[in-house]
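> Mind looking at a prediction? Sequence and model below.
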Amino acid sequence: MKKAYLGIDIGSISTKGVIIDESKNILTGVYLWTEGNPIEASKKVIARLGEEFDQSKYQVVASGTTGSARKLVGTMCNACMIKNEITAHAVGTTTLHPDVRTILEIGGQDSKIICVENGIAIDYAMNTLCAAGTGSFLSSQAKRLGVEVEDFGEIALSSSNPTPIAARCTVFAESDLVHKIQMGHKKEDIIAGLCRAVANNYLNNIGKGKKIAAPIVFQGGVSKNIGVVKAFSDALGEEIIVDENGHLMGAYGAAILAAGCGIEKPFDFRLADMEFTTREVTCEHCPNHCEVICVYKEDTLLDSWGNRCQRGEIKASP
């Protein structure tokens, strides 16, 4: 039976999963909403992957996780590799685009930039404090305008006079948007203005002080918006590469890292039907009062973290 490797990227808005073969080809990929529950979202992703994956030909021998809930889901999956988003995205992108110099990524609630030299990430920046210019920001503005966010890009390209919109802050952007609507600006011009504002906000904040060199790869859910892609291309004067699997790149990188770690822990797709819970315990052994998170499979303790010293350590079941 051939070997395969699984990667899961658990974000605040979406959870992604991929399975790759030994040649790093993607065998199947899944993208679902997290909906505030990373455990349940990951179980759904695992279930979908199991349905779409040919388990008669391949055996998943290792798994990796990345994203904001990487440790939680990594414990649940018995992952052999748990890595941060910067590393996972850089590994995934440089595998598919070896000559990439700059990676732009805009997700549901955060953004990042990764600068690459000779296939190695040498610099990066992240924005996790404000949702201005992210996927959730565009979704909320789409609802306000009465259009589907999936249609934003096509509508934006129909505009010949994008409306200037201040998008440095979500609150100011919404106020400015309402003002421009009341002034009578065309809907397509406002949407094009929003796309341009997203790109400018990103470059003036996350990209500030960074050397943005071509080739440039744009990924994350917002990369599917061709209006934002054009706005980046216009602002930088460069071609913007959007990979068809760009929204899965973190999970892809996690799978590659799992494949290369040299450890094999066969993956069981029955995890999707098991019950996983977390419990919070406040350690009373010292004035720190550490909040220790315990992860259970059924009633078995898998792991715990959050303690600052050994007195707050809660050991997993043998």
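It's in.
> Downstream of the longest helix seen in the chain, the next helix or strand is which one?
In the chain, assigned by DSSP state H, the helix with the most residues is helix 187-205. Next helix or strand after helix 187-205 toward the C-terminus (DSSP states H and E): strand 216-219.
> packing partners for whichever helix or strand comes after that following strand?
Using DSSP H and E, the next helix or strand after strand 216-219 towards the C-terminus is helix 226-236. Taking 3 or more CB pairs under 8 Å, 6 or more residues apart in numbering; DSSP states H and E as the contact definition, the neighbouring helices and strands of helix 226-236 are helix 152-157, helix 187-205, strand 216-219, strand 240-241. Any C-beta I mention is one placed from the backbone N, CA and C, and that applies to glycine too.
> in the chain, which spans are helices?
Under DSSP H, the chain gives helices at 38-52, 70-77, 85-96, 135-145, 152-157, 170-183, 187-205, 226-236, 249-260.
> The longest one vs helix 135-145, what angle?
In this case it means helix 187-205. Angle of helix 187-205 versus helix 135-145, following axes from the mean of the first three to the mean of the last three CA atoms, to 10 degrees, is 160 degrees.
> for helix 187-205, what is the average pLDDT?
For helix 187-205, mean pLDDT rounds to 88.
> Next, the angle from that helix to helix 226-236.
50 degrees.
> buried ones in helix 187-205?
If you call a residue buried by 16 or more other CB atoms under 10 Å, then helix 187-205 has these buried ones: 188-203, 205.
> could you give the angle of it to helix 170-183?
150 degrees.
> what about the stretch 201-318 of the chain, any weak spots by pLDDT?
The stretch 201-318 of the chain contains residues with pLDDT under 70 at 317-318.
> and with 80 instead?
With pLDDT under 80 as the threshold, the stretch 201-318 of the chain has low-confidence stretches at 305, 311-312, 314-318.
> Same question for the stretch 51-200 of the chain.
107-110, 127-137, 149, 166-174, 177.
> sorry, back to before: switch the helices and strands packed on helix 226-236 over to CSV; also include distance to T28.
Formatted as CSV, the helices and strands packed on helix 226-236 follow (distance: least, CB to CB, whole Å):
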stretch, distance to T28
helix 152-157, 26
helix 187-205, 31
strand 216-219, 19
strand 240-241, 23
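> And for G119, the neighbour number?
14 (other CB atoms under 10 Å).
> Look at D123 and say how many residues are nearby.
Neighbours of D123 (other CB under 10 Å): 14.
> what about it, distance to T93?
In this view, D123 and T93 are 15 Å apart by CB to CB, to the nearest Å.
> now do R270
For R270 relative to T93 (CB to CB), the value is 32 Å.
> Which one's more surrounded, those two?
Ranked by neighbour count (other CB under 10 Å), R270 and T93 place T93 first, with 27 against 10.
> Next up, the contacts around the more buried one.
Listed by CB atoms under 8 Å, 6 or more residues apart in numbering, the contact set of T93 reads 100, 103, 114, 116, 217, 219, 243, 249, 253.
> one more time with 6 Å, if that's ok
100, 103, 217, 249 (CB atoms under 6 Å, 6 or more residues apart in numbering).
> For the residues you listed, which two are the farthest from each other?
Spatially, the most separated pair among the contacts of T93 is V100 and M249, at 11.0 Å (CB to CB).
> quick one: which of those two has more around it?
Neighbour comparison, V100 and M249: the larger count goes to M249, with 31 against 22 (by other CB under 10 Å).
> how close does that one get to A90?
Counting by CB to CB, the gap from M249 to A90 is 9 Å.
> hang on, the earlier thing: any chance of the helices of the chain in a markdown table, with distance to T300 too?
A markdown table is the format used below for the helices of the chain (distance: least, CB to CB, whole Å):
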| stretch | distance to T300 |
| --- | --- |
| helix 38-52 | 15 |
| helix 70-77 | 12 |
| helix 85-96 | 28 |
| helix 135-145 | 36 |
| helix 152-157 | 46 |
| helix 170-183 | 42 |
| helix 187-205 | 44 |
| helix 226-236 | 45 |
| helix 249-260 | 23 |
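> quick one, which of those is packed in tightest?
Burial of the helices of the chain is given as mean neighbour count (mean count of other CB atoms under 10 Å); helix 249-260 ranks first at a mean of 29.
> now that one against helix 70-77, angle please.
Using the same axes, to 10 degrees: helix 249-260 against helix 70-77 is 50 degrees.
> And helix 249-260, how far out from the chain middle?
13 Å (CA atoms, centre = their mean, to the nearest Å).
> so it versus helix 85-96, what angle?
Helix 249-260 and helix 85-96 are oriented at 80 degrees to each other (the same axes, to 10 degrees).
> right, and I103 touches K112 too?
No - with contact defined as CB atoms under 6 Å, I103 and K112 do not form a contacting pair (7.9 Å).
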